[in-house]
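> What follows is a predicted structure for the sequence shown.
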Amino acid sequence: MTSAQGWARLYYNVSLIECESKEILDELLSILDIQRFVIARISDRSIIVDGAQKSQVARALARRGHPFRITDLVSQPPLQD
């Protein structure tokens, strides 16, 4: 019997980083020492990183000169009912 209920995972204090292409993100992950800050790769061009390390990751990306975008996501856990 299959359950109709799904599941969800909520991360907080994380940042979404989007690169211009899959190739750029692959290169950055292989060359830079930022893999340890990656929580999840959510698409071929996007990763979620630890929000506390956002500045360090942004500096590493900027030094390479490739375009990227950082979006801050939920910064604190939801209130418990």
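That came through fine.
> Next, the most centrally placed residue in the chain: secondary structure please.
Nearest to the mean C-alpha position of the chain, by CA atoms, centre = their mean, lies Ile48 at 1.4 Å. Here Ile48 is recorded as strand under DSSP: H, G, I helix; E, B strand; the rest coil.
> I figured it hits Tyr12, correct?
No - judged on CB atoms under 8 Å, Ile48 makes no contact with Tyr12 at a distance of 11.0 Å. In short, each C-beta sits where N, CA and C put it, glycine included.
> For those two, list the residues in contact with both.
Contact with both Ile48 and Tyr12 is made by residues Leu73, according to CB atoms under 8 Å, 6 or more residues apart in numbering.
> For this protein, give me the ranges with low pLDDT.
Within the chain, the segments meeting pLDDT under 70 span 1-4, 74-78, 80-81.
> Tell me where it has strands.
14-19, 38-41, 46-50, 68-72 (DSSP state E).
> May I see the ones you listed arranged in JSON lines, with distance to Ile31 as well?
Formatted as JSON lines, the strands of the chain follow (distance: least, CB to CB, whole Å):
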{"stretch": "strand 14-19", "distance to Ile31": "13"}
{"stretch": "strand 38-41", "distance to Ile31": "14"}
{"stretch": "strand 46-50", "distance to Ile31": "14"}
{"stretch": "strand 68-72", "distance to Ile31": "14"}
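> Go through those and name the closest to Leu32.
With CB to CB as the measure, strand 38-41 is the member of the strands of the chain nearest Leu32 (10.6 Å).
> List the contacts of the closest one.
By CB under 8 Å, 6+ apart, strand 38-41 touches Tyr11, Val14, Leu29, Ile47, Ile48, Val49, Asp50.
> quick one: which of those residues is nearest Arg36?
Asp50 (8.8 Å).
> Grab the nearest non-local neighbour of Ala52.
Computed as CB to CB, 6 or more residues apart in numbering, the closest residue to Ala52 that is not its neighbour in sequence is Asn13, at 6.6 Å.
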